[in-house]
Each structure stands twice: as structure tokens, then as C-alpha cells.
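A.B. asks: give me coordinates for this.
(one chain, ligands or ions: 1)
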Amino acid sequence: MQKQGSIPTLKLNHVTYSYPGSSHLALDDVSLSIAEDQVSIFIGRNGCGKTTLFCLANGLFRPQKGVIEAFGKPLGYDHRALNQLRQKVGFVFQNPEHQLVATTVEEDLSYGLFNFGYSEGEVRDRVQQTLVDFDLVELADTPIHHLSLGQKKRLAIADVMILQPQLLLLDEPTAYLDPYQTRNFIDLLQQIRAGGTTIAIATHNLDFAYTYGDWLLVLDQGKLVTQGTPQTVFNESQIVKDLQLGRPLILDVLDLLEEPEKSRIARQFIQSGEGKT
Ligand SMILES: Nc1ncnc2c1ncn2[C@@H]1O[C@H](COP(=O)(O)OP(=O)(O)OP(=O)(O)O)[C@@H](O)[C@H]1O
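C.D. replies: Model (predicted):
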């Protein structure tokens, strides 16, 4: 169940957006909530609107219709309001190359803090702590272009987390990562979540979505077509079947088993995902 009652971290009320010069609606009358204490995962075919939604949530784009609320208040679009929003809502792009701006790891971590006006002492302290937290100490002086893609992804997340956001938006976080790096990344997410940051993710990785998500939101052609727990969405949603999004591998494996083994493994698998925090 999606948590009811508390103020959602992010709320979209009938939000519509089309890119400048385009008559096509990238998001079409979308209403949804991201609950504070759940990992929300957006899935859907290429071009369904996931990245656009995150750009709207971060104030990079402004909807033509509808209202977006973060932490119970409608977004403002003046310079000051956006500055505040971007400290509270961190957005990690799909491709870390689009995000890393400085020459070395340490400089890159400092960059955002200086931009937001933090003092030199505060920047120094936060950078040192973040290097430790994100296992980047040995890479502190490494030129960005010497990093592997997995290391760049880690740095891109650290760049955002150094601002201590309340909501972290991750676009395709497991893309380009090998299984070992994916495991490390999931550990990192658990750490971030335990620190109290709400996490929302856009992904095509259905195994990751099934295991790690608390709440799945399915977009198609700019519309929210269904939402629910991963179990409900993948086991019961006809829409998801019709969209031919595929299924998590674990469900195909379960189909090969007989009862009671099937129920036993399914329970174990779900419980392993529940140990995410
Ligand atoms: N800069 C742009 N100008 C015009 N249309 C765009 C632009 N960027 C995206 N679109 C369109 O907006 C729609 C939503 O795109 P978006 O990138 O949000 O999808 P997505 O779900 O993130 O896709 P993917 O899974 O491929 O990353 C698509 O129809 C896309 O073609």
C-alpha cells in the first residue's frame, strides 16, 4: 500500500508538459504522489516521460498545466525558489558525463557547495565527509576523465548527496553498471535511504524495480497508466502485460516451480527485498 496521511515529498496535480516547439505532450495530465518513506520506481517504454517528469520535479522544466508540490508547497520558479528546491531535490542524470563539471573528484564535490554559497570551512568539512561516505578518498585527486563509468556514477550521486537533499531522483541508475557495481550501488542506496532521504528512480531494469521498489508507477505515452506494489503491478496488471514491458526474471523462474516450493521461494524473495532498509 502507498502510505496515506503524511504530506507527500512530491505531488503532481494534473501536470501537462510539452517541449518548446513540440505539439506532442511529453506528460499528459499526470497526477501522482511520492511518499516520503517509500522507494518509488517509474517504469515504462522509451519516451514514455520518465526523464521529463524528473526534470519537472527538479524545477528544470515548468508545466504548462497543473501544479507540482514539493514538501507540501507549490514549486516557485524564481531564482531563489529554484535554488532552494535544487538543494532539497537532487537529480542524478542518466549519463554522469552530463553532470560532472570540474577537473578532479574533490573539485567536483566542492563545486555545487560553492555555487550555493557555503563557506570554505563548511565546503572542506562536507567534501572530506562525502569522500569517506562514498568511498572516494583514494580518488580525491583523480582527474574526472580517468574514472570508470561506475566511479563517475558514484561521484554524480555524491555530488548531489553532498547538498543533503530530502528527495533524490535517479534516472537509470543501473545503466552501464556491471553486476558487482549494481550490488555496490544498491548498498549505497540503502545507506542513503537509512539517512532519511526519499528515493525515486526511473529505470528499465525490471529485476531491480521488482526487488528494490516499494511502489511502482507505470507511464505510457506521457500518462500514468497504473501504479501499485511491484507484486501487484507485475502479477496482476493487464496494462503492464499489454504494454509488453517484460517481467522480472524471478517471476519467470517461479513459473517453472510447483507448489508449495513456488510460494516458499516467492516469500523468501520478497522478504529479501524487504530487508532493503
Ligand atoms: N528536448 C526534447 N524536445 C522535444 N521532445 C522531447 C525532448 N526530450 C524528450 N522529448 C520527448 O518527450 C517524450 C518523453 O521523453 P522522456 O525523455 O521523458 O522519456 P523517457 O521515459 O525518459 O525515455 P527513456 O526511457 O528512453 O529514457 C518523448 O516523446 C520524447 O521524444
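
A.B. asks: what parts of this structure come near the ligand?
C.D. replies: 19, 22, 24, 26, 44, 46, 47, 48, 49, 50, 51, 52 (C-beta under 6 Å from any ligand atom). C-betas here are computed from N, CA, C, even on glycine.

A.B. asks: just the ones of the residues you listed in helices?
C.D. replies: Members of the residues of the chain next to the ligand lying in helices (criterion: DSSP state H): 50, 51, 52.

A.B. asks: show the contacting residues for the last one.
C.D. replies: Contact partners of residue 52, counting by C-beta atoms under 8 Å, 6 or more residues apart in numbering, are 17, 19, 26, 27, 61, 222.

A.B. asks: ranges for the strands of the stretch 101-250 of the chain?
C.D. replies: 167-171, 198-202, 215-220, 223-228 (DSSP state E, counting those that start in this stretch).

A.B. asks: skipping adjacent residues, who's closest to residue 209 in space?
C.D. replies: residue 41 (4.6 Å; C-beta to C-beta, 6 or more residues apart in numbering).

A.B. asks: which of the helices or strands spans that neighbour?
C.D. replies: strand 40-43 (DSSP states H and E).

A.B. asks: which residues sit against that strand?
C.D. replies: 34, 50, 53, 199-204, 206, 208-209, 212-219, 230, 245.

A.B. asks: at 7 Å what do you get?
C.D. replies: 34, 50, 53, 200-203, 206, 209, 213, 215-219, 245 (C-beta atoms under 7 Å, 6 or more residues apart in numbering).

A.B. asks: what residue ranges in the stretch 1-150 of the chain score low on pLDDT?
C.D. replies: 1-6 (pLDDT under 70).

A.B. asks: and the helices in it?
C.D. replies: In the stretch 1-150 of the chain, the helices defined using DSSP state H, counting those that start in this stretch lie at 50-57, 79-88, 105-115, 120-133, 149-161.

A.B. asks: let's have those in CSV, adding distance to residue 250.
C.D. replies: CSV is the format used below for the helices of the stretch 1-150 of the chain (distance: least, C-beta to C-beta, whole Å):
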stretch, distance to residue 250
helix 50-57, 23
helix 79-88, 35
helix 105-115, 36
helix 120-133, 31
helix 149-161, 24
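
A.B. asks: who wins for proximity to residue 65 among those helices?
C.D. replies: Evaluated over the helices of the stretch 1-150 of the chain, closeness to residue 65 peaks at helix 50-57, with 11.5 Å, by C-beta to C-beta.

A.B. asks: first to last residue in stretch 17-24, what's the distance?
C.D. replies: Its start and end residues considered, stretch 17-24 measures 9 Å (C-alpha to C-alpha, to the nearest Å).

A.B. asks: and residue 148, how far from residue 221?
C.D. replies: 36 Å (C-beta to C-beta, to the nearest Å).

A.B. asks: could you do residue 147 as well?
C.D. replies: 37 Å.

A.B. asks: look at the two and report which has more neighbours.
C.D. replies: Each of residue 147 and residue 221 has its neighbours counted (other C-beta atoms under 10 Å); residue 147 has more, 20 against 16.
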